[in-house]
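> 3D, please:
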Amino acid sequence: MDNLKFIRDTMERAGTFTAISGWGEVLIGVTAIAAALLAARQGTPARWVGVWMAEALLAALVSLSFMARKARAARVSLLSGPALKLLWSFTPPMLVGALVTVACLEHGLQSMLPGLWMLLYGAGVVSAGAFSVRIVPVMGAAFMLAGAAALFTPPTWETALMVATFGGLHVVFGTLIARRHGG
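Numbering: from 1, shown residues only. The predicted model follows:
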């Protein structure tokens, strides 16, 4: 029995988390497009950031909801080893993003936020994607490339860049995930 437990634990640790929902990613992309357009209409940097913080919370709720549904359908636990590794790999860059956001607002560097957010989100997705299907870290790398470019673009491009990345990349990669990996 000890050997079976060891084998089962080893297999779980080596496994991948396949309950990333492509359709959830598509919905996140759609809400991000709406957030980008709404944020562009805000009169202050703090309000602009407020719209994006609300979008981040909404995206987290959508992601968790769709993952839970997909995991239930596949009879996979959201508390499995690969799922927890995914969570612990994704969370630190998001926490750094929150701290950087506050610091940038404090120092009047809000024009840096789109690029920094793309880079940090991409880094989190690449890291977490190591415990998921192959396309997930590719999506993260796309965010990182866009973020690197965004750091050197004029601030007037921020809405278009946010639509293209947080909106467009989520829709494109979400559709690919849904088609290749079932929902």
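
> For the nearest residue in space to residue 171 that is not next to it in sequence, pull up the helix or strand it's in.
For residue 171, ignoring the flanking residues on the chain, the nearest one in space by C-beta to C-beta, 6 or more residues apart in numbering is residue 29 at 3.7 Å. Bear in mind the C-beta positions are built from the backbone N, C-alpha and C, glycine included. Using DSSP states H and E, residue 29 sits within helix 22-39.

> which helices and strands does that helix pack with?
helix 45-74, helix 158-162, helix 170-181 (3 or more C-beta pairs under 8 Å, 6 or more residues apart in numbering; DSSP states H and E).

> rerun that using 6 Å as the cut-off
Contacting helix 22-39 under the criterion 3 or more C-beta pairs under 6 Å, 6 or more residues apart in numbering; DSSP states H and E are the following elements: helix 45-74, helix 170-181.

> Relative to the whole chain's centre, how far out is the shortest one?
Okay, so that is helix 170-181. Offset of helix 170-181 from its chain centre (C-alpha atoms, centre = their mean, to the nearest Å): 13 Å.

> Let me see the mean pLDDT of that helix.
Averaging pLDDT along helix 170-181 yields 92.

> Tell me the buried residues in it?
170, 171, 173, 174, 176, 177, 178, 181 (16 or more other C-beta atoms under 10 Å).

> contacts for that helix?
Around helix 170-181, the neighbours that count as contacts under C-beta atoms under 6 Å, 6 or more residues apart in numbering are 22, 23, 25, 26, 28, 29, 133, 135, 139.

> show me the contacts for the second one.
Taking C-beta under 6 Å, 6+ apart, we find residue 23 in contact with 178, 183.

> Tell me the confidence at residue 2?
Residue 2 is assigned a predicted lDDT (pLDDT) of 65.

> Report the mean per-residue pLDDT for the helix holding residue 29.
96.

> Can you check what angle separates it from helix 170-181?
Interaxial angle of helix 22-39 relative to helix 170-181 (axes from the mean of the first three to the mean of the last three C-alpha atoms, to 10 degrees): 180 degrees.

> show me where pLDDT drops low in the protein?
Applying pLDDT under 70 to the chain flags residues 1-19, 80-81.

> Now with 50, please.
Scanning the chain for pLDDT under 50 picks out 7, 10-11, 14.

> Count the residues that sit near the residue nearest to residue 171.
23 (other C-beta atoms under 10 Å).

> and it, what does it touch?
167, 170, 171.

> can we see that at 7 Å?
By C-beta atoms under 7 Å, 6 or more residues apart in numbering, residue 29 lies in contact with 167, 168, 170, 171, 174.
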